[in-house]
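In: Give me a 3D structure for the following:
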Amino acid sequence: MNADNQKIAYGLRVLAEELRPFTLSSNLRSKVWDGTAYASAEPLQPDVNAIAWWSTLISIAEMIERQECSPSKNQLTYLMKLLFGGMGSFSDFFLDTKKYGNAATEVNNRIQTKLAELYQLLTSIMKRFEYDV
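Out: I've put the predicted structure just below:
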């Protein structure tokens, strides 16, 4: 796999992994392992926006991983718009801190840090190929 593709896919997967806990659901009859025994799980409702972004990020990462050549200008432009294009982009996504509390605050902060790293990576690739940033 192309080194750029590997770095981009890794960055997308890292972001998706942050969302993963918010894509899960459980009901009153669900059991979880607490380290010593199975215990009743607290009911969880998944965040529909987290599910949508998780699946989008994973899908794009898988496509990029399977591509042997460097990302094209159109692919990089699409990623930049999807992730950083303003309203409706992933950079506009935040987990609801009223619903998920401190866990959401921590994940939101980590996502913003990781998004900044991915932005730097994508812009450096675009500059190297002399694409408009």
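In: what about the chain, any weak spots by pLDDT?
Out: Within the chain, the ranges that satisfy pLDDT under 70 run 28, 43, 133.
In: Tell me which stretches of it form strands.
Out: Ranges of strands in the chain, per DSSP state E, are 31-33, 38-40.
In: would you turn these into JSON lines with distance to residue 116 and mean neighbour count?
Out: Heads up, the C-betas are built off the backbone N, CA and C, glycines and all. JSON lines is the format used below for the strands of the chain (distance: least, C-beta to C-beta, whole Å; neighbours: other C-beta atoms under 10 Å):
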{"stretch": "strand 31-33", "distance to residue 116": "34", "mean neighbour count": "10"}
{"stretch": "strand 38-40", "distance to residue 116": "38", "mean neighbour count": "11"}
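In: closest to residue 92 out of these?
Out: In terms of C-beta to C-beta, the element of the strands of the chain nearest to residue 92 is strand 31-33, at 32.2 Å.
In: Would you mark the buried spots in the longest helix anywhere in the chain?
Out: When the chain is parsed with DSSP state H, its longest helix is helix 102-128. Of the residues in helix 102-128, 104, 107-108, 111, 114-115, 118, 122, 125-126 count as buried by neighbour count, 16 or more other C-beta atoms under 10 Å.
In: In TSV: the strands of the chain, plus distance to residue 7.
Out: Below are the strands of the chain laid out as TSV (distance: least, C-beta to C-beta, whole Å):
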stretch	distance to residue 7
strand 31-33	34
strand 38-40	40
